[in-house]
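In: I'll drop the sequence and a predicted model, then ask my questions.
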Amino acid sequence: MTTSSSASSAVGNLIQALAAIGASLLNSVFAVIQAIFALVQELVSSVLQLLQTLVAFTADLFQGVVGFVAANFFAILLVGGLYYWYTHRQGGTATRKRIA
């Protein structure tokens, strides 16, 4: 009876060890998923912080005399770019009248 008792005890220990290994693997998978969620959350937070900093920088830049000059420069660039796009969007199909 000692052999069957020790064999059943060994099988029980094996099953218990396999269950512990399975639980550890499951906990590892959950830990990796949690780490991925934490990484995404930190990435989104960092991007939002960067955008907030850029908006604050732009607002500070366009204050005062230097900001006034810079704003007018960018406005002229924008209007010039829109004019260029509008005049060249037809692909050269515009007709020109010749003055004779």
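Out: On my side now, so go ahead.

In: Just after the top helix by length along the chain, pick out the following helix or strand.
Out: The residue-count maximum for a helix in the chain (DSSP state H) belongs to helix 2-61. Using DSSP states H and E, the helix or strand that follows helix 2-61 in sequence is helix 64-88.

In: on that earlier part again, between the longest helix of the chain and helix 64-88, how many degrees?
Out: 100 degrees (axes from the mean of the first three to the mean of the last three C-alpha atoms, to 10 degrees).

In: Start at 253, not 1
Out: Happy to do that; since the first residue is 253 now, the last one works out to helix 254-313.

In: Now do helix 254-313: distance to the chain's middle.
Out: 21 Å (C-alpha atoms, centre = their mean, to the nearest Å).

In: Report the mean confidence score over it.
Out: In this model, helix 254-313 has an average pLDDT of 92.

In: Kindly report the same for stretch 324-336.
Out: pLDDT averaged over stretch 324-336 gives 93.

In: list the buried ones in that stretch?
Out: Residues of stretch 324-336 include none that count as buried (16 or more other C-beta atoms under 10 Å). Bear in mind the C-beta positions are built from the backbone N, C-alpha and C, glycine included.

In: and it, C-alpha only, in CSV?
Out: Provided in CSV are the C-alpha atoms of stretch 324-336 (Å, rounded to 0.1, in the frame of the first residue of the first chain):
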residue,chain,number,x,y,z
ASN,A,324,1.5,89.1,-40.1
PHE,A,325,4.3,87.2,-41.8
PHE,A,326,2.4,83.9,-41.4
ALA,A,327,-0.8,85.6,-42.6
ILE,A,328,1.0,86.9,-45.8
LEU,A,329,2.4,83.4,-46.4
LEU,A,330,-1.1,81.9,-46.0
VAL,A,331,-2.7,84.3,-48.3
GLY,A,332,0.1,83.9,-50.9
GLY,A,333,-0.1,80.2,-50.7
LEU,A,334,-3.9,80.2,-51.2
TYR,A,335,-3.5,82.6,-54.1
TYR,A,336,-0.9,80.3,-55.7
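
In: Much appreciated, bye for now.
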